[in-house]
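Asks: Build me a model:
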Amino acid sequence: MSTQETNFIADGMLGKLSRWLRILGCDVQYIPDAPDGALLEAAEKSGRTLLTSDVQLNRLAAKQRIESYLVDGSSEAENLAKIARRFSVKLEVDLTATRCPLCNSPLREVPYESVEGRVPPASFRRYKQFWICRNSKCGKIYWQGSHWRKIEEILREAKKYSFQV
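Replies: Model prediction:
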């Protein structure tokens, strides 16, 4: 499966987790300042699963028969592992399915030459593959830079957790 089938909506405490799930190809609507009622209404109307670290909000969602999941791990890796297990999310980056960590729009690979002058010169010289956010208002450009090792490390840790949870 190259794209994730479950769409999420995340509460204000889960911004970092939202970015991770987007990298993994999940469609995650992140609403940082929404009150509980607005989150519940948005989840119900959109058919998205509510991700929350708020026990009371999770209980309220259950009471209203809105699908929700209580995110209660002690680390990003543990949270990713639990969500991966519960929702069959692959703990691997599929660059054809990855979404913009900032705005949730799909990414597309762009020709190397098209990013010249739009990325740091050292990155342009060092890397040959680039992706751009399809949302023209965002347009962020990505590449597998030095941060990539950290991404792979967290995903390896999450895979270890997934056998424990």
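Asks: In this structure, where is pLDDT below threshold?
Replies: 1-5, 162-165 (pLDDT under 70).
Asks: Strands of that one, start to end?
Replies: Assigned strands in the chain, in chain order: 7-10, 27-30, 49-52, 68-70, 107-110, 130-133, 141-142 (criterion: DSSP state E).
Asks: Output those as CSV; include the columns mean neighbour count and distance to Cys100.
Replies: Where you see a C-beta, it was placed from the backbone N, CA and C, and this is true even at glycine. Output for these, formatted as CSV (neighbours: other Cβ atoms under 10 Å; distance: least, Cβ to Cβ, whole Å):
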stretch, mean neighbour count, distance to Cys100
strand 7-10, 24, 15
strand 27-30, 21, 11
strand 49-52, 25, 18
strand 68-70, 20, 23
strand 107-110, 15, 6
strand 130-133, 21, 4
strand 141-142, 18, 8
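Asks: what sits against Leu155?
Replies: Leu155 sits next to 77, 80, 91-93 when contact means Cβ atoms under 8 Å, 6 or more residues apart in numbering.
Asks: Looking at the chain, which helix is longest?
Replies: In the chain, assigned by DSSP state H, the helix with the most residues is helix 148-164.
Asks: how far out from the middle of the chain is that one?
Replies: Offset of helix 148-164 from its chain centre (Cα atoms, centre = their mean, to the nearest Å): 15 Å.
Asks: going forward can the numbers begin at 172, since that is how I track them
Replies: Will do, 172 is the new start, and the previous item becomes helix 319-335.
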